[in-house]
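Asker: Please work out how this folds:
(2 chains)
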Amino acid sequence: DAKTTQPTSMDCAEGRAANLPCNHSTISGNEYVYWYRQIHSQGPQYIIHGLKNNETNEMASLIITEDRKSSTLILPHATLRDTAVYYCIVRGFSGSARQLTFGSGTQLTVLP
Amino acid sequence: DAGITQSPRHKVTETGTPVTLRCHQTENHRYMYWYRQDPGHGLRLIHYSYGVKDTDKGEVSDGYSVSRSKTEDFLLTLESATSSQTSVYFCAISVGLAEYEQYFGPGTRLTVT
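Answerer: Here you go, the predicted structure:
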């Protein structure tokens, strides 16, 4: 699986968009980009995933660069409840194993 | 929460005692996982299962065993608990296309004294 690099921490003002970057320069053609978050003391929560095209759901948008070497998770209107550690994970669909490898993630703090 | 429950939610036990943690799902998913989370290490995979009686080791499997005798239950056993196994344990299931989206349980906080 490709390795990812994320900033250790970021702040965002409440109501503003939070843009969380992830670098995955060694990603291969069949690997997807996944985003999860973990609010303090809770289990990780799936947010979104994508392969090439930008994706949007009720929680967030995922923007993947054309060369697929980096991506950005966008929370359009951050609230205090979005304060969490955000994990960017790259994973292929080959083989039988389905486990995910979580790195250190980005601690996002939404400020009032 | 995708119908995942973990029991117990909190447990304090003594070194050398056996401990079994239970993960229960209500939606008949094939893949189930046990992770542990410690400060400075993030989430690490202990064992996973891809069907009844089909299990495999993860990154940190030493000192742990698992069993899955029916689809809905995945048990994690510490045969002889040690202080290094003090941690928060999360169970997860896979859902979605190709089963790569994972949904996690609420966690079990285990303290080994």
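Asker: which residues pair with residue B:33 across the strands?
Answerer: Under DSSP bridges, the beta-bridge partners of residue B:33 are residue B:48, residue B:92.
Asker: Next up, the contacts around residue B:86.
Answerer: Counting by C-beta atoms under 8 Å, 6 or more residues apart in numbering or on different chains, residue B:86 makes contact with B:110-112. C-beta coordinates here come from the backbone N, C-alpha and C atoms, glycine included.
Asker: For the residue nearest the centre of chain B, give me the pLDDT.
Answerer: Centroid-nearest residue in chain B: residue B:34, 2.8 Å away (criterion: C-alpha atoms, centre = their mean). Here the pLDDT value assigned to residue B:34 is 96.
Asker: same question, residue B:50
Answerer: For residue B:50, the predicted pLDDT is 90.
Asker: May I see the buried residues of the host helix or strand of it?
Answerer: For residue B:50, the host element (DSSP states H and E) is strand B:42-51. Counting neighbours by 16 or more other C-beta atoms under 10 Å in any protein chain shown, one finds that the buried residues in strand B:42-51 are B:42-50.
Asker: Correct me if wrong: residue A:65 contacts residue A:53.
Answerer: No - applying C-beta atoms under 8 Å as the test, residue A:65 and residue A:53 come out as separate, 11.7 Å apart.
Asker: In terms of neighbours, single out the busier of these two.
Answerer: More neighbours surround residue A:65 than the other of residue A:65 and residue A:53, with 12 against 8 (other C-beta atoms under 10 Å in any protein chain shown).
Asker: and the nearest residue to the more buried one once chain neighbours are set aside, how far is that from residue A:31?
Answerer: Leaving aside its chain neighbours, residue A:65 sits nearest to residue A:71 (6.9 Å; criterion: C-beta to C-beta, 6 or more residues apart in numbering or on different chains). For residue A:71, the distance to residue A:31 (C-beta to C-beta, to the nearest Å) stands at 11 Å.
Asker: next one: residue A:74
Answerer: As judged by C-beta to C-beta, residue A:74 and residue A:31 stand 21 Å apart.
Asker: Of these two, which one has the most company?
Answerer: Per other C-beta under 10 Å, whichever of residue A:74 and residue A:31 has more neighbours is residue A:31, with 19 against 16.
Asker: and the residue nearest the centre of chain A, what are its bridge partners?
Answerer: The geometric centre of chain A, computed from its C-alpha atoms, lies nearest to residue A:35 (C-alpha atoms, centre = their mean), at 3.3 Å. As for beta bridges, residue A:35 partners with residue A:48, residue A:88 under DSSP bridges.
Asker: can you pull the contacts of it?
Answerer: The contact partners of residue A:35, by C-beta under 8 Å, 6+ apart, come to A:20, A:22, A:47-49, A:60, A:62, A:73, A:86-89.
Asker: Let me have those in TSV, adding neighbour count and pLDDT as columns.
Answerer: Compiled in TSV, the contacts of residue A:35 are given as follows (neighbours: other C-beta atoms under 10 Å in any protein chain shown; pLDDT from 0 to 100):
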residue	neighbour count	pLDDT
A:20	22	98
A:22	24	97
A:47	20	95
A:48	19	94
A:49	20	92
A:60	19	97
A:62	22	98
A:73	25	98
A:86	24	97
A:87	27	95
A:88	26	96
A:89	24	93
